[in-house]
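> no letters, just coordinates:
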Ligand SMILES: [Zn+2]
């Protein structure tokens, strides 16, 4: 089975949320704190792309997890 680095936590297993100047570490729900997601499963994802005007726009993609080092602001939506 193929494993991909979880794009939401970058493989850390948790995400940092800034809330009222305090930093909270939250368990990553996307990968259940594993830091990896299945490369064989399909996920709804968004990433930032540039349109023909050179403006950043959010692109929606549904399929196997993309490589977060190649796609800007890649997120799995759950
Ligand atoms: Zn994760």
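Received it, and whenever you're ready, just let me know what you need. Here the structure is a predicted model, which means the values were calculated and not measured.

> how about residue 72: what's its closest non-neighbour residue?
Using CB to CB, 6 or more residues apart in numbering and skipping residues adjacent in sequence, the residue nearest residue 72 is residue 48, 4.2 Å away. From N, CA and C alone the C-beta is placed, and that goes for glycine too.

> could you do residue 13 as well?
Residue nearest to residue 13 in three dimensions, not counting chain neighbours: residue 33, with 4.0 Å by CB to CB, 6+ apart.

> same question for residue 30.
Excluding the flanking residues, the one nearest residue 30 by CB to CB, 6+ apart is residue 8, at 4.3 Å.

> pLDDT-wise, which helix or strand of this structure ranks last?
Here the helix or strand of the chain ranked lowest by mean pLDDT, DSSP states H and E is strand 14-19, holding a mean of 77.

> beyond it, next helix or strand please.
Sequence order places strand 22-27 as the next helix or strand after strand 14-19, per DSSP states H and E.

> okay, buried residues for stretch 40-50 please.
For stretch 40-50, burial by neighbour count (16 or more other CB atoms under 10 Å) applies to 43, 45, 46, 47.

> and of those residues, the nearest to the ion?
Using CB to the ion, residue 43 comes nearest to the ion of the buried residues of stretch 40-50, at 11.4 Å.

> which helix or strand contains that closest one?
strand 42-50.

> and that strand, anywhere near the ion?
No: if you take CB under 5 Å from the ion as the test, strand 42-50 misses the ion, and the best it gets is 11.4 Å.

> these two touch, right, the residue nearest to residue 13 and residue 15?
No: Residue 33 is beyond contact range of residue 15, at 10.0 Å (criterion: CB atoms under 8 Å).
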